[in-house]
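**Student:** Using only what follows, build the 3D model:
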Amino acid sequence: MAENKTKATEISVNEFIQAVESPKKREDAFALKKIMEEITGEKAVMWGPSIIGFGRYHYKYNSGHEGDAPIVGFSPRKAAISLYLMDCSDPTSEILLTQLGKFKKSVACIYANKLSDLNEPVLREIIKKSYDFMKEKYPLKKV
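**Tutor:** Sure, this is the predicted structure:
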């Protein structure tokens, strides 16, 4: 079975953000890091070379493939800021998304050109909802 490419690393989150080419994306990344740390109570961790994640959950598919992933996260990519939020397709989230601002969406991602395109109080609510949903769905198992 293939090994997961996206794993938690020891790379410095602040150094990664400092290396972001665009000054605006860099500013937005530091702001998002602060927002997600406040909401989740989790320290930012690099996952792979470009994802900043908060918290961790363990998944296992019916195929037997399993691994760890961040509960919520983001990446300040060149084209857009990618927000990795898992609970964006239920009816309550759909209502919140109508109030979020200018973005594109896939199943578990929100893509925004810049943080100021988004309604921050609504974004905070969506992040909290996603984080709480994933913590409930994948509770930490005591070893």
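**Student:** May I have stretch 61-70 as PDB, with CA atoms only?
**Tutor:** The C-alpha trace of stretch 61-70 is given here as PDB (Å, rounded to 0.1, in the frame of the first residue of the first chain):
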ATOM      1  CA  TYR A  61     -10.800   3.600   4.700                       C
ATOM      2  CA  ASN A  62     -12.700   0.400   3.900                       C
ATOM      3  CA  SER A  63      -9.800  -0.400   1.500                       C
ATOM      4  CA  GLY A  64      -7.500  -0.700   4.500                       C
ATOM      5  CA  HIS A  65      -5.600   2.500   3.600                       C
ATOM      6  CA  GLU A  66      -5.100   4.600   6.700                       C
ATOM      7  CA  GLY A  67      -3.200   7.600   7.900                       C
ATOM      8  CA  ASP A  68      -3.100  10.900   9.800                       C
ATOM      9  CA  ALA A  69      -4.200  14.300   8.600                       C
ATOM     10  CA  PRO A  70      -4.700  17.700  10.100                       C
END
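**Student:** Is the most centrally placed residue in the chain in a helix, a strand, or coil?
**Tutor:** The structure's the chain has its C-alpha centroid closest to Gly73; by C-alpha atoms, centre = their mean the separation is 1.8 Å. Secondary structure state of Gly73, per DSSP: H, G, I helix; E, B strand; the rest coil, is strand.
**Student:** Run through the bridge partners of it.
**Tutor:** Partner residues in beta bridges with Gly73, using DSSP bridges, are Gly53, Tyr84.
**Student:** For it, give me its contacts.
**Tutor:** Residues in contact with Gly73 (C-beta atoms under 8 Å, 6 or more residues apart in numbering) are 36, 47, 51-54, 83-84. In short, each C-beta sits where N, CA and C put it, glycine included.
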